[in-house]
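**Q** give me coordinates for this.
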Amino acid sequence: MEKSSLILDKTLIEKELRKVSPKRPSELRKKLLNIGVVKSLTADDDSTNVEAAKDYYFIHLSFQERFAARYLVNARQNPKRKCYTKAINFIQFQKYNQRFLLVFTFTSGLLSGNDSLSCLETFAKAMTSEPLDLIGPRHMQLVIRCLEEAGTDRRIPQRNLWIQHISKWVECAANDTRDHKPFSSLIVSLRQSPLVLCENIIIDTVIRLLRTEDDRVRVRTSIIITDLDINPVLHDFIKALLTALRDKEYSVRQNVAEALGRMHGGAITPDVINGLLVALRDENNDVRCCAVGALAKLGGRAVTPGVVKGLLAALGDKDHLVSQNAAQALAKLGGGAVAPDVINGLLVTLNGNSHFVKENAAQALVELGCVAVAPAVINRLLAAVGD
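**A** Okay, the predicted model is just below:
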């Protein structure tokens, strides 16, 4: 890290090998190479250089970053050692260097698994010491990544404060209805950090923003929810999404329908499915299309008589994209959707004017296995091919 180099030169390797094994550095070098973590910069067919005279590089950069993080953790075990102060200074003054973001992320995770609370505290202190990002995005990105890697460890002294700051940034992102670029890194970091994202403070902030009277903020919040792919099994959050399906702004209804389609596990409740069925009858084409797409993503988990009936009705929708997606959704429901009325509905759709709708209906019949059991279906598909 001091050399700021990706290359492990022969002098450095020899020096470190002799520290670990003064009497047999060559044997240790062979073991290091056999592990497969590093590789020589010299071509494999160049046999003129002995192994000790070669420079090396890590096969994958994350190996180097992991080892660097381990060094930082070990260096801070004893405050009396010279490397302790050097490690603290490195964290403090390099924390916003994007090259070392993964190093500090790994360090946070390793310290969380360490029983030494003092090491965790000194790391957090170095993170929040000067110099600080005056604007904030870089600092929030670092904080989010480190909190996630540490499993939002409650022993971190600044944990609650950091989470409160993150929720404030989410609120700022929702209120920024013009330029979204300053918050793009925040959204990306949160999307990659499900543990942080599911903290109650952050979820409560999102719910409050989704219920605000400002139309633009609600629209922006619904976009953020979709971008973040929030999926906590929290009754209040799901209830807020279902309420938003009746929002006066069609963009809110559209984005919320898409978000509901990404639910999984215990979040897929009868209320969620019923909410999407209501959205299937929305006056806006885009909302209906998103509702159909959501049911398609839920697949076999959403097989109910009401869903099948709703998708059959959507096959005849005036918007061709809705009809097209409805055929796909019926196919993804699997065996639970194989019924005479479904087959008949798809066959009727083959008589439509839209090529894409007919193509999807035909594919749905094939995926549902109707072709193998109904010769009439085969004949109708052949006729459709002729069209």
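**Q** contacting residues for the residue lying closest to D282 once chain neighbours are set aside?
**A** Leaving aside its sequence neighbours, D282 sits nearest to R288 (C-beta to C-beta, 6 or more residues apart in numbering; 5.2 Å). Bear in mind the C-beta positions are built from the backbone N, C-alpha and C, glycine included. R288 sits next to A279, L280, R281, D282, A314, D317, D319, V322 when contact means C-beta atoms under 8 Å, 6 or more residues apart in numbering.
**Q** again with S189
**A** S189 is in contact with M140, Q141, I144, R145, counting by C-beta under 8 Å, 6+ apart.
**Q** among the residues you listed, which are in helices?
**A** The helices, defined by DSSP state H, take in M140, Q141, I144, R145 from these.
**Q** please export the C-alpha coordinates of stretch 342-355 as PDB.
**A** Only the C-alpha atoms of stretch 342-355 are listed here, as PDB (Å, rounded to 0.1, in the frame of the first residue of the first chain):
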ATOM      1  CA  VAL A 342     -56.800 -20.800 -20.200                       C
ATOM      2  CA  ILE A 343     -56.100 -22.900 -23.300                       C
ATOM      3  CA  ASN A 344     -59.200 -21.500 -25.000                       C
ATOM      4  CA  GLY A 345     -58.200 -18.000 -24.100                       C
ATOM      5  CA  LEU A 346     -54.800 -18.400 -25.600                       C
ATOM      6  CA  LEU A 347     -56.300 -20.000 -28.700                       C
ATOM      7  CA  VAL A 348     -58.600 -17.100 -29.100                       C
ATOM      8  CA  THR A 349     -55.600 -14.800 -28.800                       C
ATOM      9  CA  LEU A 350     -54.000 -16.500 -31.800                       C
ATOM     10  CA  ASN A 351     -56.800 -14.900 -33.900                       C
ATOM     11  CA  GLY A 352     -55.600 -11.400 -32.900                       C
ATOM     12  CA  ASN A 353     -54.000  -8.800 -35.200                       C
ATOM     13  CA  SER A 354     -50.700  -8.300 -33.200                       C
ATOM     14  CA  HIS A 355     -47.900 -10.500 -34.400                       C
END
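**Q** please give the centre-to-centre distance between that stretch and its chain.
**A** Remark: stretch 342-355 is offset 37 Å from the chain centroid, using C-alpha atoms, centre = their mean, to the nearest Å.
**Q** tell me the buried residues in it?
**A** Neighbour-count burial for stretch 342-355, counted by 16 or more other C-beta atoms under 10 Å, picks out V342, I343, G345, L346, L347, T349, L350, G352.
**Q** could you check which helix or strand contains T11?
**A** In this assignment (DSSP states H and E), T11 forms part of helix 10-20.
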